[in-house]
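need a structure here:
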Amino acid sequence: MALRCLIVDDNPRFGYEARSLLETEGISVVGVAESGDEAVRLAKAAAPDIALVDIGLGEESGFDVALRIVDGAPERAPAVIFISTYDEQEFADRIAASRALGFIAKTQLSAESIRRLLGDD
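Residues are numbered from 1 along each chain as shown. Coordinates of the predicted model:
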């Protein structure tokens, strides 16, 4: 069964490109959210296995949105993976302190990098 993924990014072009890439590589993208409220709504409705959350969501913090997604899950919360164009080291302490599985640079995003973090490689 394909992994079910929610992408949370305020850049519509990136969301479209990430969805296309991941679906080509065998991951089922169940939604693309551009805001925290939309992400929480889609996570509740679609029950994804993973949520890729951009650290910088315009006015919102990806860290706060990820927490809302996990806390708002009616049953099993999705695994959270942070994504960003920024260097991981800029956020290493916050990523480590979060409940996220880890971080993937947007330029390194792939089904393989996601499965590696999930321990499915």
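
Mind naming the longest helix for the protein?
Longest helix in the chain, counting residues (DSSP state H): helix 12-24.

after it, next one along is what?
Using DSSP states H and E, the next helix or strand after helix 12-24 towards the C-terminus is strand 28-33.

what's that following strand packed up against?
Under the contact definition 3 or more CB pairs under 8 Å, 6 or more residues apart in numbering; DSSP states H and E, strand 28-33 sits against strand 4-8, helix 12-24, helix 36-46. All C-beta atoms are positioned from the backbone trio N, CA, C, and that covers glycine.

could you say which helix or strand contains the residue positioned nearest the centre of the chain?
Nearest to the mean C-alpha position of the chain, counting by CA atoms, centre = their mean, stands Leu52 at 0.8 Å. Per DSSP H and E: Leu52 is located in strand 50-54.

And that strand, what does it pack against?
In terms of contacts (3+ CB pairs under 8 Å, 6+ apart), strand 50-54 is packed against strand 4-8, helix 36-46, helix 62-72, strand 79-84, helix 111-118.

so which of the ones you listed comes closest to Asp93?
Proximity to Asp93, assessed across the helices and strands packed on strand 50-54 by CB to CB, is greatest for helix 62-72 (11.1 Å).

What residues of the closest one count as buried?
Buried residues in helix 62-72, counted by 16 or more other CB atoms under 10 Å: Gly62, Phe63, Val65, Ala66, Leu67, Arg68, Ile69, Val70.

Stretch 97-115 now?
The neighbour-count check on stretch 97-115 (16+ other CB under 10 Å) flags Ser98, Ala100, Leu101, Gly102, Phe103, Ile104, Lys106, Leu109, Ala111, Ser113, Ile114, Arg115 as buried.

average model confidence for it?
Average pLDDT, stretch 97-115: 93.

if we can go back for a sec, if I look at the residue nearest to the centre of the chain, how far off is Leu118?
For Leu52, the distance to Leu118 (CB to CB, to the nearest Å) stands at 12 Å.

Same check on Gly36?
Taking CB to CB, one finds Gly36 at 24 Å from Leu118.
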